[in-house]
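**Q** Need the 3D shape of this:
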Amino acid sequence: MLLLHLSDVDEAAWARTMAREVGDYPVVRRGDDFDPRDIRYIFAWKPKPDAFDGLTNLKAILSLGAGVDALLKHPNLPGDVPIVRFVDDDLSQKMSDYVAAHVTMHHRRYSRFHADQQARRWTQYYPPAASTSTVGIMGMGVLGQDAARRLLPLGFTLRSWSRTPKSIPGVEGFTGADEFDAFLSGTDILVNLLPLTPGTEGILNADTFAKLRRTLDGGPVIINAARGGHQREADIVAALTDGTLGAASLDVFEVEPLPVDSPLWGIENCYITPHIAAISNEETGVIYFANVLKDHEAGKPLINVVDRARGY
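**A** Now for the predicted structure:
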């Protein structure tokens, strides 16, 4: 039996679509009448504290999110049950759309021209070719690699930083803590697509910002579309105010929704979006997880299983 435990989405709609895809395999929702011992799989998103109560026969936890940091912090998460994360072309496309839009916006100096427009000031500054701006992507998983592939045809110079070596054509790779400073020193626009782990928490901080290259007109830029836990917002406010950073695009925050009294709201060169860079698509998500379930029931191994030690 498959249990859906999905918060902050239309669980009923997901349940109907999932039941269609898995055929005769029984699907239940929270509130339905079922024996918790009969549940073999739980499809979860932002699970409540009691989500895993009585589920003593779980074979797998199916996580709707691409990131599993919040799930791994669940106080009652079963310690011996594999977790399958969501990998989807549609989600990757949406994230890459967000990254490309904001990289291009900053390279073309939107902050400068917007300020000129507000001041009714005609200043013919000509942005250079994309090849003169180096975009550094932190995180070379599925999302990071897709973003790199989509930025390359636009002409940007690309570099990456990841925990383990990644060889991506056209991308200069840097690995591990020993190469982090070298990676930053040649980066104009820093894109964060890392998983949130104890080792990456707070990585977008004053020390990181100070090490970025300062060749982009107006100063270096950060784009965070990963997790709010990656950033120190007080440091971002200070860096945008004193010129250490030329601009920032933030889709995620330490506290969400972003409190109305956050100083980030009032900074003109800080571009805020309400955690909308990429969202799981119901149709593609159901097909993905339905296939995972059916394949596993047929004796095939689970795919995209989370390494709990690494946190992703």
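**Q** which element follows the helix-or-strand element of the chain with minimal mean pLDDT toward the C-terminus?
**A** In the chain, no helix or strand scores lower on mean pLDDT, DSSP states H and E than helix 69-72, which sits at a mean of 94. Later in the chain than helix 69-72, the nearest helix or strand by DSSP states H and E is strand 83-84.
**Q** residues in contact with that next one?
**A** With contacts defined as CB atoms under 8 Å, 6 or more residues apart in numbering, strand 83-84 is touched by 60-63, 68, 71-72, 289, 292, 302-306, 308. From N, CA and C alone the C-beta is placed, and that goes for glycine too.
**Q** The same query, at a cut-off of 7 Å, please.
**A** Applying CB atoms under 7 Å, 6 or more residues apart in numbering, the contact partners of strand 83-84 are 60-63, 68, 71, 292, 302-306.
**Q** Give me the buried entries from these.
**A** Among those, those buried by neighbour count (16 or more other CB atoms under 10 Å) are 60-63, 68, 71, 292, 306.
**Q** Identify, from the residues you listed, the entry nearest to F52.
**A** Nearest to F52 out of the buried ones among the contacts of strand 83-84 is I61 (CB to CB; 8.3 Å).
**Q** ok, the residue lying closest to that closest one once chain neighbours are set aside - how many residues close by?
**A** Using CB to CB, 6 or more residues apart in numbering and skipping residues adjacent in sequence, the residue nearest I61 is I83, 4.7 Å away. For I83, the tally of surrounding residues (other CB atoms under 10 Å) stands at 20.
**Q** So for the least confident helix or strand of the chain, what gets flagged as buried?
**A** Residues 69, 71-72 are the ones in helix 69-72 that count as buried (16+ other CB under 10 Å).
**Q** Switch these over to a markdown table; also include distance to N192.
**A** Formatted as a markdown table, the buried residues of helix 69-72 follow (distance: CB to CB, whole Å):
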| residue | distance to N192 |
| --- | --- |
| D69 | 14 |
| L71 | 20 |
| L72 | 19 |
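**Q** Identify, from those, the entry nearest to S160.
**A** The closest of these, once distances to S160 are taken by CB to CB, is D69, at 20.7 Å.
**Q** show me the contacts for the closest residue in space to that closest one that isn't next to it in sequence.
**A** Of all residues not flanking D69 in the chain, L196 sits nearest, at 3.9 Å (CB to CB, 6+ apart). By CB under 7 Å, 6+ apart, the contact set of L196 is 67, 69, 226-227, 229-230.
**Q** residue boundaries of the strands in the stretch 51-200 of the chain?
**A** With strands called from DSSP state E, counting those that start in this stretch, the stretch 51-200 of the chain shows them at 60-63, 83-84, 134-138, 157-162, 171-175, 189-192.
**Q** As CSV, the ones you listed with distance to D207 and mean pLDDT would be great.
**A** As requested, those are arranged in CSV below (distance: least, CB to CB, whole Å; pLDDT from 0 to 100):
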stretch, distance to D207, mean pLDDT
strand 60-63, 32, 98
strand 83-84, 32, 98
strand 134-138, 14, 98
strand 157-162, 15, 98
strand 171-175, 17, 98
strand 189-192, 13, 98
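**Q** export the ones you listed to CSV and tack on distance to V9?
**A** Listed next are the strands of the stretch 51-200 of the chain as CSV, based on distance: least, CB to CB, whole Å:
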stretch, distance to V9
strand 60-63, 13
strand 83-84, 18
strand 134-138, 28
strand 157-162, 30
strand 171-175, 34
strand 189-192, 25
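**Q** Now do the contacts for the residue nearest the centre of the chain.
**A** Centroid-nearest residue in the chain, with CA atoms, centre = their mean: A226, separated by 3.1 Å. Applying CB under 7 Å, 6+ apart to A226 gives the contacts 139, 192-194, 196, 252.
**Q** Next one: D35 from A248, what distance?
**A** 50 Å (CB to CB, to the nearest Å).
**Q** ok, these two, which is more surrounded?
**A** A248 (28 against 10).
**Q** Dump the helix or strand that one falls within to CSV, restricted to CA.
**A** Using DSSP H and E, A248 maps to strand 247-250. Output of strand 247-250 as CSV, limited to C-alpha atoms (Å, rounded to 0.1, in the frame of the first residue of the first chain):
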residue,chain,number,x,y,z
ALA,A,247,23.4,42.7,-6.7
ALA,A,248,21.7,39.6,-5.5
SER,A,249,18.9,37.4,-6.7
LEU,A,250,17.3,35.4,-3.9
